[in-house]
Structure formats: structure tokens, C-alpha cells
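Visitor: compute the structure for the input listed below.
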Amino acid sequence: MDSDLPFHKVYKSLFDNASTTTTTTTTNNNNDKDNSKDQDAMKAVVEECELPLIDLRRLELGDSEGEECKSEIARASQEWGFFQVMNHGISSELLQKMKSEQEKVFKQSFDKKSQEQKFFNFSAGTYRWGSPTATCLRQLSWSEAFHIPLNKVSASSAAGVDDLSSTMEQFATTVSNLALKLAEILAEKLGHKSTFFHENCLPSTCYLRMNRYPPCPIPSEVFGLMPHTDSDFLTILHQDQVGGLQLVKDDRWIAVKPNPEALIINIGDLFQAWSNNVYKSVQHRVVTNMQVERFSTAYFFCPSYETMIESCCEPSVYRKFSFGEYRHQVQEDVKQSGSKIGLPRFLLSN
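Guide: Below is the predicted model of the structure:
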């Protein structure tokens with residue numbers, strides 16, 4: 001089918017190398033151990049669990065109930081780095097419409113998606129697939145995405161995608177309000193009635209990412225999305241019921257059980273730095289599925305590149321840095337090593 005991605009053609013050398021590795025005895029014992037470790041990690045039995053589920057309607061039920069709800073949000077952010085919210089203010093109709101519209105776009109041919117400026121009026125670089133810097137299969141992400149700055153969403157109206165543009169605008173507006181509410185609650189629970197997020201995390205600095213994970217013929221060898229942390233303050237995720245999201249809890253990988261009534265919230269690197277390691281940005285990944293495709297939409301709550309990130313209390317664990325500096329360092333590390341290093345680069349103890 002025309003919408004299929006040319007993984008085997010573009011990444012032929014990675015597949016060839018993997019085949020050679022599995023059929024040839026190598027003399028490099030260290031590489032053998034690393035490869036074995038990676039394969040074991042991907043094949044390990046992963047327990048499925050439900051994330052902490054928080055009913056945001058309780059915020060409106062009076063002081064004691066509202067405060068307990070806020071405390072649960074903060075506690076989940078400290079202990080899990082992930083939680084789910086229900087009664088979040090985004091209608092099921094809008095969420096279903098968002099999924100339907102993104103499915104239509106992803107069903108377009110690969111050639112069309114690769115020319116996003118011409119066919120969808122998206123800016124260059126919006127459409128992404130695979131992992132251009134991958135040097136081995138374990139660094140390859142079996143997925144495709146449209147990563148769209150919110151200030152470009154309204155400009156994406158073009159023939160055939162008007163419905164997508166208006167749906168993205170509605171989704172982004174409602175989810176932006178939710179992200180700001182949650183960020184202010186988390187700041188408040190640290191003792192800060194802060195205007196920082198209202199002033200710095202504007203719609204023009206945040207992102208929307210539509211993801212598709214195609215069926216994968218080798219799910220034991222390739223991730224849908226490599227293990228990583230998010231380089232933002234908060235991520236809000238709407239996923240379908242296929243499953244595949246996994247995260248690290250107590251030094252082991254666990255699978256997140258999909259909940260059709262809930263949105264998933266996770267803490268990003270910037271919030272971990274800002275909170276001085278109180279809130280946790282944890283490793284997560286997406287595993288592939290041999291039979292079915294998976295869709296999700298993520299909203300990234302980000303500041304401008306010029307915004308300075310510093311811990312809200314002393315003594316600070318991290319040095320002060322701008323979001324632009326952080327993003328640049330992450331990109332450089334990925335180019336050099338194939339994977340992100342993230343916050344450890346900015347520890348004051350370095």
C-alpha cells in the first residue's frame with residue numbers, strides 16, 4: 001500500500017547488519033554482551049498495570065476535596081512521573097474526531113506525506129519517520145509522525161485538510177488550558193503560586209504531535225519509539241486502545257493499560273529540573289505490534305527557546321540553562337551517540 005513506509009529500503013544496512021550479527025559468530029565479546037542485553041530488554045515479560053487515575057471534577061467539589069485531588073496529582077508526579085486524568089474537559093467527540101482526522105492524513109501516500117509543505121501546508125520538517133541517526137536496529141523507531149508547532153496549526157488549512165486543521169485547533173486550545181491548570185497545581189504543591197507557566201508556556205511555543213505506529217514484522221527487535229524522556233514541562237497524551245506504551249517504575253518496565261475515558265499526563269525534563277528533582281521525568285517507550293497499527297496524539301507543554309530554566313528551590317541540583325540550549329544539547333547527543341542524554345548533562349556536580 002502506498003502509505004507504507006520504506007523501512008527496509010532506507011535502512012537496508014541496519015537490517016543487513018542485524019542479520020549478519022545473528023548468523024555470524026563475532027569475536028567482540030563486549031558487543032555480544034551489549035547486543036544480548038538489548039535483546040533481553042526487548043523480550044522481557046512486562047507486567048501491565050493501570051496508572052494512578054485522578055478525577056479532575058473533584059477540583060470543583062470544595063476545598064478539602066480539591067486539595068486532596070491536587071495532592072494526588074503531585075504525589076503521582078513524584079512517585080510515577082505519569083498519571084491519568086478523567087473528566088478533563090476534552091469531549092469524547094473531539095477526541096474521536098482528532099483520531100479520525102489523523103487517520104485520514106496518515107493514509108495518504110508516503111510521497112505526499114513527505115511533501116507536507118505542498119500537500120498539507122505544514123512547514124518543512126513537520127513530517128518525520130524512522131530514526132535518521134540510527135546506527136543499529138535498536139535505535140530505529142518504527143513509526144511516523146507530524147510534529148506541528150501550535151502557531152502553525154491554523155496555517156495548515158489546505159484542500160482536503162480543512163477538517164484536520166479546525167480539529168487540531170480545537171484540540172490544542174482545550175488541551176493547552178488543561179496543561180496550564182496542571183502545571184500551576186504542581187507549582188502550588190511546591191509552595192509556589194507561580195505565574196511562570198502562564199507567562200512562558202504560550203500556545204505559540206507548544207507543540208502537537210500526531211503519531212502512527214504501523215504493524216511491524218519484527219516486534220522483538222525494533223521499538224515503535226525508543227526509550228526516552230520528554231524534553232518539555234508536561235506531555236498530555238491521547239492514545240487508542242491498542243496499547244504499547246511502557247514506562248520504568250521501580251527499575252523495571254511496565255505496560256500501561258489503555259483507558260478510553262482518560263488522558264495520560266507525564267512529567268518532562270524541564271519540570272524535573274524546575275522542581276529540583278521532586279517531580280520525575282521517567283523513561284518510557286512504545287513497543288511495536290505485528291498485527292495492528294496504533295495511533296496517538298501528544299501535546300507538549302513547552303516554553304520559548306529563550307526561557308531560562310532554574311530550580312525553584314535551593315540548593316539547586318542543576319545549573320541554569322535555556323530551553324534552546326537544552327534542545328540543542330539533546331540534538332547533538334543524538335547525532336553523536338544515537339540516543340539522548342538529557343538532564344545529566346546539566347548537573348551542577350559535573
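
Visitor: tell me, what residue is most central in this structure?
Guide: D230 (5.7 Å; Cα atoms, centre = their mean).

Visitor: tell me the SS of it?
Guide: Assigned state for D230: coil (three-state reduction, DSSP: H, G, I helix; E, B strand; the rest coil).

Visitor: ok, it - contacts?
Guide: N266, G268, D269, S281, F300 (Cβ atoms under 8 Å, 6 or more residues apart in numbering). Where C-beta positions appear, they are placed from N, C-alpha and C, glycine not excepted.

Visitor: so which of the residues you listed are in strands?
Guide: Counting by DSSP state E, the contacts of D230 place N266, F300 in strands.

Visitor: highest neighbour count among the contacts of D230?
Guide: In terms of neighbour count, S281 stands highest of the contacts of D230 at 28 neighbours, by other Cβ atoms under 10 Å.

Visitor: thought that residue was touching G268?
Guide: Yes - counting by Cβ atoms under 8 Å, S281 touches G268, with 5.4 Å between them.

Visitor: which residues are in contact with each of the two?
Guide: Contacts common to S281 and G268, judged by Cβ under 8 Å, 6+ apart, are T229, D230.

Visitor: nearest to K113 among the contacts of D230?
Guide: Lowest distance from K113 to those (Cβ to Cβ) belongs to F300, with 20.7 Å.

Visitor: from S77, how far out is S64?
Guide: 21 Å (Cβ to Cβ, to the nearest Å).

Visitor: compare these two and say which is more crowded by neighbours.
Guide: S77 (27 against 9).

Visitor: how about that one, nearest residue that isn't a chain neighbour?
Guide: Y279 (4.3 Å; Cβ to Cβ, 6 or more residues apart in numbering).

Visitor: how about K340?
Guide: V330 (5.3 Å).

Visitor: report the contact partners of that neighbour.
Guide: Contacts of V330 (Cβ under 8 Å, 6+ apart): S231, K340, I341, G342.

Visitor: out of those, name the ones that lie in helices.
Guide: The helices, defined by DSSP state H, take in nothing from these.

Visitor: and the furthest pair within those?
Guide: Maximum distance among these (Cβ to Cβ): 11.2 Å, for S231 and I341.

Visitor: those two: who's more crowded?
Guide: S231 (21 against 14).

Visitor: give the closest residue to the more buried one in space, chain neighbours not counted.
Guide: D269 (5.2 Å).

Visitor: these two touch, right, the one you found and T235?
Guide: No - between D269 and T235 there is no contact under Cβ under 8 Å: 10.6 Å.

Visitor: now do the lengthiest helix in the chain: distance to the chain's middle.
Guide: As assigned by DSSP H, the longest helix anywhere in the chain is helix 162-188. Its chain's average C-alpha position is 15 Å from that of helix 162-188, according to Cα atoms, centre = their mean, to the nearest Å.

Visitor: give me the below-cutoff pLDDT ranges for the stretch 101-250 of the chain.
Guide: Within the stretch 101-250 of the chain, the segments meeting pLDDT under 70 span 154-161.

Visitor: let's see 90
Guide: 115-125, 131-136, 138, 150-166, 192-195, 202-204, 220 (pLDDT under 90).

Visitor: which stretches of it form strands?
Guide: Applying DSSP state E, counting those that start in this stretch to the stretch 101-250 of the chain gives strands spanning 127-129, 144-149, 207-213, 223-228, 234-239, 245-249.

Visitor: what packs against the last one?
Guide: Going back to what we said before, that points to strand 245-249. strand 252-256, strand 284-287 (3 or more Cβ pairs under 8 Å, 6 or more residues apart in numbering; DSSP states H and E).

Visitor: any chance of TSV for the ones you listed, columns distance to E184 and mean neighbour count?
Guide: Formatted as TSV, these follow (distance: least, Cβ to Cβ, whole Å; neighbours: other Cβ atoms under 10 Å):
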stretch	distance to E184	mean neighbour count
strand 252-256	25	17
strand 284-287	24	22
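
Visitor: pLDDT value on the residue nearest to L348 when sequence neighbours are not counted, please?
Guide: Spatial nearest neighbour of L348, chain neighbours left out: R319 (5.2 Å); criterion: Cβ to Cβ, 6+ apart. For R319, the pLDDT comes out at 96.

Visitor: I'd say R319 and F346 touch.
Guide: Yes - using Cβ under 8 Å, R319 is in contact with F346, at 5.6 Å.
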